[in-house]
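K.L.:
Sequence and predicted model, in that order:
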Amino acid sequence: MTRPDDSGSLLALGIDAGGTRTRWALVCMPERIVAQGHVGGLSALQLGKGERARLRETLADLAAAVLVHGHPASAHAGLSGFGEDSGPIRELIAQPLGIAPEAVTLGSDIETACLDLFAPGEGYVVHAGTGSVAAFIDAEGNLHRAGGRGVTLDDGGGGFWIAREALRHIWRAEDECPGSWQDSPMAREVFQLVGGSDWSHSRRFVYGSDRGDIGRLALAVAKAADADPVAAGILRAAGRELARLANAMTSRHGPRPIALAGRAVELHPLIGQAMREALPAGTELRICASHGHHAAARLALKAACTRRAGSPPDDLHGNPR
């Protein structure tokens, strides 16, 4: 955290919301970060799953953390699970911040990550957090995606997928040889997070937790990878899944540099190594940290400046609405 802003300058808030963590950044002119931090995970999907109370609670936490440092004039949120029906979240974000809903702009988290890492038309972003998705913004500002259809259907290579693969392996092994978990470093790490080695613990955790909580079991897989070949194999498979997304984009739009980002990528070097091996020779791949909350803050600041000048804010790519 940095000190509170007392300059009276125009402030804008960027939000990068994911399943396990929501990062925020408060900026002022000329794009100076006043403060930044994180709160619990949130998703636009919570609008339609009877989780509005939890969504409101997370947004209240976010507002409380932000308002200590200043009052933003506008906000931009890059949301996981964003879709055409995500409009109501605009007011839910605005209300605890004390700003008008019209001062909040929305987009997907992967779109915000693209704008952070590449200029339009320049390259592809593969993002692996709780889920996984690849995206490309072409020179005309159109967003193209591969994957990102949710952990129930796919999202191979993301944290939830890694956790699911680990649990599937552990319990299949228990079916065939009860008690074998004691010889598995991965199972021991997973069961420590789940709360016990009995099936009732796993059942309660899996069917009573949200996708972010389940995705965090990927941390246990990564922790065991250097001692457990099964865990290492799951992480390599995750890398190949992420390469599949990149190859899909390349086949549709031609060769371009690829950036691999997201918290799941930071779990273990095996994921990036396996992805690199599964890409065509000569493909430029860089593994990098995405600061989507900074990109979102820049978008919010631009919108605030535009409104102050008396014009409607541009869209995410700088095109007039």
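P.N.:
Structure received.
K.L.:
switch to C-alpha atoms for all contacts and neighbour counts from now on
P.N.:
Will do.
K.L.:
show me where the stretch 201-321 of the chain has strands.
P.N.:
258-261, 285-287 (DSSP state E, counting those that start in this stretch).
K.L.:
Report the strands that pair with the shortest one, each with its relative direction.
P.N.:
I take that to be strand 285-287. Strand 285-287 has the following sheet partners, assigned by DSSP bridges: strand 258-261 (parallel).
K.L.:
tell me the mean pLDDT for the strand it pairs with?
P.N.:
For strand 258-261, the mean per-residue pLDDT is 94.
K.L.:
Just checking the distance from it to the centre of its chain.
P.N.:
Distance of strand 258-261 from its chain centroid, counting by Cα atoms, centre = their mean, to the nearest Å, is 13 Å.
K.L.:
Alpha carbons of it, as CSV, please.
P.N.:
C-alpha atoms of strand 258-261 as CSV (Å, rounded to 0.1, in the frame of the first residue of the first chain):
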residue,chain,number,x,y,z
ILE,A,258,2.3,-15.4,-27.1
ALA,A,259,2.2,-14.3,-23.5
LEU,A,260,1.4,-16.8,-20.7
ALA,A,261,0.0,-15.2,-17.6
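K.L.:
quick one: contacts of it?
P.N.:
The set of residues external to strand 258-261 that reach it, using Cα atoms under 8 Å, 6 or more residues apart in numbering, is 117, 123-128, 246, 272, 283-290.
K.L.:
Please repeat the previous calculation with a cut-off of 10 Å.
P.N.:
Identification of contacts with strand 258-261 by Cα atoms under 10 Å, 6 or more residues apart in numbering yields 113-114, 117-118, 122-129, 134-136, 242-243, 246-247, 249-250, 272, 275, 283-291.
K.L.:
Pull out the buried members of the residues you listed.
P.N.:
Among these, those buried by neighbour count (16 or more other Cα atoms under 10 Å) are 113-114, 117-118, 123-129, 134-136, 242-243, 246-247, 249-250, 272, 275, 285, 287, 290-291.
K.L.:
Out of the residues you listed, which sit inside helices?
P.N.:
Per DSSP state H, helices hold the following members of these: 113-114, 117, 242-243, 246-247, 249-250, 272, 275.
K.L.:
Pipe these into JSON lines and attach pLDDT per row.
P.N.:
Below are those laid out as JSON lines (pLDDT from 0 to 100):
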{"residue": "Ala113", "pLDDT": "84"}
{"residue": "Cys114", "pLDDT": "87"}
{"residue": "Leu117", "pLDDT": "86"}
{"residue": "Leu242", "pLDDT": "97"}
{"residue": "Ala243", "pLDDT": "98"}
{"residue": "Ala246", "pLDDT": "97"}
{"residue": "Asn247", "pLDDT": "97"}
{"residue": "Met249", "pLDDT": "97"}
{"residue": "Thr250", "pLDDT": "97"}
{"residue": "Gly272", "pLDDT": "95"}
{"residue": "Met275", "pLDDT": "97"}
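K.L.:
Rebuild those residues as JSON lines, extending it with distance to Ala232.
P.N.:
Putting these into JSON lines (distance: Cα to Cα, whole Å) gives the following:
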{"residue": "Ala113", "distance to Ala232": "28"}
{"residue": "Cys114", "distance to Ala232": "29"}
{"residue": "Leu117", "distance to Ala232": "29"}
{"residue": "Leu242", "distance to Ala232": "16"}
{"residue": "Ala243", "distance to Ala232": "17"}
{"residue": "Ala246", "distance to Ala232": "22"}
{"residue": "Asn247", "distance to Ala232": "23"}
{"residue": "Met249", "distance to Ala232": "27"}
{"residue": "Thr250", "distance to Ala232": "27"}
{"residue": "Gly272", "distance to Ala232": "12"}
{"residue": "Met275", "distance to Ala232": "14"}
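K.L.:
right, and out of those residues, which lies closest to Ala231?
P.N.:
Among those, Gly272 lies closest to Ala231 (Cα to Cα), at 15.0 Å.
K.L.:
count of residues packed around the nearest residue to the closest one once chain neighbours are set aside?
P.N.:
Closest residue in space to Gly272, ignoring its immediate chain neighbours: Gly239 at 6.0 Å, by Cα to Cα, 6 or more residues apart in numbering. Residues lying near Gly239 (other Cα atoms under 10 Å) number 26.
K.L.:
Quick check: the gap between Gly239 and His76.
P.N.:
31 Å (Cα to Cα, to the nearest Å).
K.L.:
Might one say that Gly195 is in contact with Phe205?
P.N.:
Yes - look at Gly195 against Phe205 with Cα atoms under 10 Å: they come within range, at 8.3 Å.
K.L.:
Now render the strands of the stretch 201-321 of the chain as JSON lines, adding distance to Val66.
P.N.:
Formatted as JSON lines, those follow (distance: least, Cα to Cα, whole Å):
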{"stretch": "strand 258-261", "distance to Val66": "25"}
{"stretch": "strand 285-287", "distance to Val66": "30"}
